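1. I'd like to go over a predicted model; first the sequence, then the structure.
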Amino acid sequence: MSVFTLHTVDTAPAAAKGMLEQSIKDYGMLPGLYQVMASSPELLASYYKLHEMFEQTALSVDERNVVWMTINVENRCHYCVPAHTAIAKSQGVDDAIVNALREERPLDDPRLEVLRQFTLILVRKNGNPSPAEVQTFLDAGFEPRAILDVLVGLAQKVLSNYTNHLADTPLDEPFKPFAWTPSKARAAE
């Protein structure tokens, strides 16, 4: 049972109302994640800003989606995996990439697989990759800036994944076709 309110524009704190109204304009709906985040307008504003900033990084659309989905799956976010599946589809990311990420399988594209592995390293090692792990990432053709760009996506996903864990955010109708549960081995951890 969640202690958090699923706010509407009418019930949200004043500082969150404009962001919720903008969400409805942008998406034609009010995502459950935003309804929960509205209880803390600062959290909602931070999430919005990090999303905007991550979209401006040097990472391509496919690369950003690899970062997002890798973190969502690693953090076992019941809400963000389906939501980002829908986002990836809307952004033209190949279904083979999305499905492999959802199923925790290596990606066919070697460069994207290095990005997936490096993102996992950052999450699992709390931002402490070894020099060899950094070099592997750079040898795949990424610039040093990309290391920092991944951190922007990681910060964004911590806010959303953790919010969804704490609030047990219900899955929105548009995301239900993409519902996800962790693999059996991961669920047992």
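-> Noted; the coordinates are in hand.
2. tell me the contacts of Glu55?
-> Arg64 (C-beta atoms under 8 Å, 6 or more residues apart in numbering). C-betas here are computed from N, CA, C, even on glycine.
3. how much space is there between Gly18 and Ser46?
-> Noted for Gly18: a distance of 15 Å to Ser46, by C-beta to C-beta, to the nearest Å.
4. Keeping just the C-alphas, turn stretch 43-51 into CSV.
-> Taking C-alpha atoms only, stretch 43-51 is exported to CSV below (Å, rounded to 0.1, in the frame of the first residue of the first chain):
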residue,chain,number,x,y,z
LEU,A,43,11.4,16.3,-7.5
LEU,A,44,9.1,16.7,-10.4
ALA,A,45,11.0,19.8,-11.7
SER,A,46,14.3,17.9,-11.2
TYR,A,47,13.0,15.0,-13.2
TYR,A,48,11.8,17.3,-16.0
LYS,A,49,15.1,19.1,-16.1
LEU,A,50,17.2,16.0,-16.1
HIS,A,51,15.1,14.5,-18.9
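5. Run the chain-centre distance for it.
-> 12 Å (C-alpha atoms, centre = their mean, to the nearest Å).
6. Can you check the pLDDT for Pro129?
-> pLDDT recorded at Pro129 is 98.
7. what about the nearest residue to Tyr79 once chain neighbours are set aside, how many neighbours?
-> Excluding its sequence neighbours, the residue lying closest to Tyr79 (C-beta to C-beta, 6 or more residues apart in numbering) is Asn164, at 4.1 Å. Neighbours of Asn164 under the rule other C-beta atoms under 10 Å: 25.
8. Just the strands from this structure, written as ranges.
-> Applying DSSP state E to the chain gives no strands.
9. Check whether the residue nearest to Tyr79 really touches Cys80, as I assumed.
-> Yes: using C-beta atoms under 8 Å, Asn164 makes contact with Cys80 at a distance of 6.3 Å.
10. Identify the contacts common to those two.
-> Contacts common to Asn164 and Cys80, judged by C-beta under 8 Å, 6+ apart, are Leu33.
11. Correct me if wrong: His165 contacts Cys77.
-> Yes: in terms of C-beta under 8 Å, His165 counts as a neighbour of Cys77; the distance is 7.1 Å.
12. Compare the two (neighbour count), which wins?
-> When His165 and Cys77 are compared on other C-beta under 10 Å, the one with more neighbours turns out to be Cys77, at 25 against 15.
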